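In: sequence unknown, structure follows:
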């Protein structure tokens, strides 16, 4: 077991009242599993990911990573948080750093020397398909290339759990398709466990070993769908009758929430 979410709920209290974002979430994720999270806007997908990432505390419940509790009240266990890598929709690269410095920044913050951190950054840039762009700046790269750099940066300190919040949402369809293929390859190469948030049902099914469907607010787990299609998956897998049926069933389930 890599990640255990036990009875997790989250409330946001403001001057206008209390918003119940998540309610009684229970989910177990195994090592090297790829989990896709789907649901309507506002269902709590990003909130759930941010709790797992150690960015916001749950109101109640427990998150365990590798058997260790992530949260103690509102405090994050610093030894557990080092197992995580996070990628957001925006690559969030520093425009005044070149790509090798952007990728190696987490290692710099951890006190790793320049030679060692640049060597590791170059290895990861090769892994994500950015070899030769070490001295380029973010403005010189396409959106897909910037996201590759963001993934490489998240991998720089060898996380065991990779959390991704709609990382390809702003990309055009063809680039997104290529990134889905590449992400499978990268996750397999580093043997990472991945939790991936997306609004795209087909993307969720294409990437996931399991697809977790959250209900509208307060977010609860409506169902968990296993995708028994061999990996790695080529684009042609999307024409597989099983793939088509899973996508159709999930779309119907989401439509029924209207």
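Out: Okay, I see it. Just so we're clear, the structure is a prediction, and the values are computed from it rather than from any experiment. Numbers count the residues shown, from 1 in each chain.

In: give me the phi and psi for the closest residue to residue 157 other than its chain neighbours.
Out: Sequence neighbours aside, residue 106 is the residue nearest to residue 157 in space, at 5.4 Å (criterion: Cβ to Cβ, 6 or more residues apart in numbering). Just so you know, the C-beta spots here come from the backbone N, C-alpha and C atoms, and that holds for glycine as well. Main-chain dihedrals, residue 106, degrees, to the nearest 10: phi -60, psi -30.

In: so where do the helices sit in the protein?
Out: In the chain, the segments counted as helices under DSSP state H are 45-52, 78-81, 99-109, 114-127, 143-154, 173-190, 201-207, 241-255.

In: ok, which of the ones you listed comes nearest residue 214?
Out: Closest to residue 214 of the helices of the chain is helix 45-52 (Cβ to Cβ; 5.9 Å).

In: what's the local residue count around the residue nearest to residue 157?
Out: Neighbours of residue 106 under the rule other Cβ atoms under 10 Å: 18.

In: residues contacting it?
Out: 153, 156-157 (Cβ atoms under 8 Å, 6 or more residues apart in numbering).

In: export the residues you listed to JSON lines and append columns for neighbour count, distance to residue 117 and pLDDT.
Out: Below are the contacts of residue 106 laid out as JSON lines (neighbours: other Cβ atoms under 10 Å; distance: Cβ to Cβ, whole Å; pLDDT from 0 to 100):
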{"residue": "153", "neighbour count": "26", "distance to residue 117": "11", "pLDDT": "95"}
{"residue": "156", "neighbour count": "22", "distance to residue 117": "8", "pLDDT": "91"}
{"residue": "157", "neighbour count": "17", "distance to residue 117": "10", "pLDDT": "86"}
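
In: format those residues as JSON lines; extra columns: distance to residue 6.
Out: JSON lines is the format used below for those (distance: Cβ to Cβ, whole Å):
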{"residue": "153", "distance to residue 6": "30"}
{"residue": "156", "distance to residue 6": "30"}
{"residue": "157", "distance to residue 6": "27"}
